[in-house]
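*Asks:* when you get a sec, could you give me coordinates for this:
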Amino acid sequence: MSTYGLELPRAGRAAAPFAVLAALALLFEADPRLPWIVGVAAAAVFAAAAGVRAYAARRELAAVRLAADRLILNAAQHDDGSALIAWREHELVARHERQRLRREVDRTLRGLDPARLPSASPLKRTAARANIDLFRRLDERLGDGRPVSAKGVLLAESLLRSPGSPLYNDDAERLLPRALSRILGALEP
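*Replies:* Residues are numbered from 1 along each chain as shown. Predicted coordinates:
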């Protein structure tokens, strides 16, 4: 099955042949002439191969996503006919992705509560608290149901997850309001 005409790596599809072989290997247990270890060992080997194939497919899909993300972020105007970009944009702007990103913003907002004790988090709380209105606007925009752009979603993910983000930077007082404003603008399709 292809998505947007792409043959994307899928963990289940990659592991399926070995999972079937693992199940079939257990049939060796039905033959009383064979020691029990033969079926169990064969099943274990095939199950391990299925796990390795699934892991490799997940890593390959992550690399494809990363390549598409770079194209979305770096191209001033990308080719809207690209199946790779269309697939990734569809994935990024989906409701579940927006909800997941909104939960991350909510978690950040809870971490800014002055009643909470300081933690080992590298979050620059003073700068973030000064921009709490922008964080709330981001939270509201992600949850308002209006369409968003994939580039805006990627910028928001980067702000919340990247160790080099203005949210964790020593110069956060200057960089964070710009980054949040840029994200809010980029979210508009």
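
*Asks:* can I see the domain layout of the protein?
*Replies:* By the record's domain assignment, the chain is partitioned as 11-84, 94-186 (automatic domain parsing).

*Asks:* the longest one spans what distance, first to last residue?
*Replies:* Taking C-alpha to C-alpha, to the nearest Å, the first and last residues of domain 94-186 lie 16 Å apart.

*Asks:* next: the first one.
*Replies:* One end of domain 11-84 sits 19 Å from the other (C-alpha to C-alpha).

*Asks:* average pLDDT across it?
*Replies:* Average pLDDT, domain 11-84: 87.

*Asks:* what of the last one?
*Replies:* Regarding domain 94-186, the rounded mean pLDDT is 90.

*Asks:* show the subsequent helix or strand relative to the one helix or strand A25 maps to.
*Replies:* A25 is part of helix 11-25, with elements assigned from DSSP states H and E. Downstream of helix 11-25, the first helix or strand assigned by DSSP H and E is helix 36-74.

*Asks:* and the contacts of the helix or strand encompassing H90?
*Replies:* Taking DSSP H and E as the criterion, H90 maps to helix 83-93. Helix 83-93 has contacts (C-beta atoms under 8 Å, 6 or more residues apart in numbering) with 3-6, 8, 64-65, 67-69, 71-72, 78-80, 97, 147-150, 153-154. Using the backbone N, CA and C atoms, a C-beta is placed for each residue, glycine as well.

*Asks:* and for stretch 60-71?
*Replies:* 8-11, 78, 82, 84-85, 87-88, 91, 154.

*Asks:* same deal with stretch 31-51?
*Replies:* Contacts for stretch 31-51 (C-beta under 8 Å, 6+ apart): 15-19, 21-23, 25-29.

*Asks:* which of the residues you listed count as buried?
*Replies:* Buried by 16 or more other C-beta atoms under 10 Å: 15, 18-19, 21-22, 25, 28, out of the contacts of stretch 31-51.

*Asks:* element containing the nearest residue to S165 once chain neighbours are set aside, please.
*Replies:* In this structure, S165 finds its nearest non-sequential neighbour in L159, 5.0 Å apart by C-beta to C-beta, 6 or more residues apart in numbering. Per DSSP H and E, L159 falls inside helix 150-161.

*Asks:* got the contact list for that helix?
*Replies:* If you take C-beta under 8 Å, 6+ apart as the criterion, helix 150-161 is touched by 69, 72-73, 88-89, 92-93, 97-98, 101, 104-105, 108, 138, 142, 165-167, 179-180, 182-188.

*Asks:* quick one: buried residues of that helix?
*Replies:* Those would be 150-160, for helix 150-161 by 16+ other C-beta under 10 Å.

*Asks:* quick check, A56 in contact with A14.
*Replies:* Yes. Using C-beta atoms under 8 Å, A56 is in contact with A14, at 6.8 Å.

*Asks:* before we move on, back to that, can I get the contacts of stretch 31-51 in TSV with distance to L123?
*Replies:* Putting the contacts of stretch 31-51 into TSV (distance: C-beta to C-beta, whole Å) gives the following:
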residue	distance to L123
A15	38
A16	42
P17	45
F18	43
A19	42
L21	48
A22	45
A23	48
A25	50
L26	50
L27	55
F28	55
E29	54
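
*Asks:* that'll do, ta.
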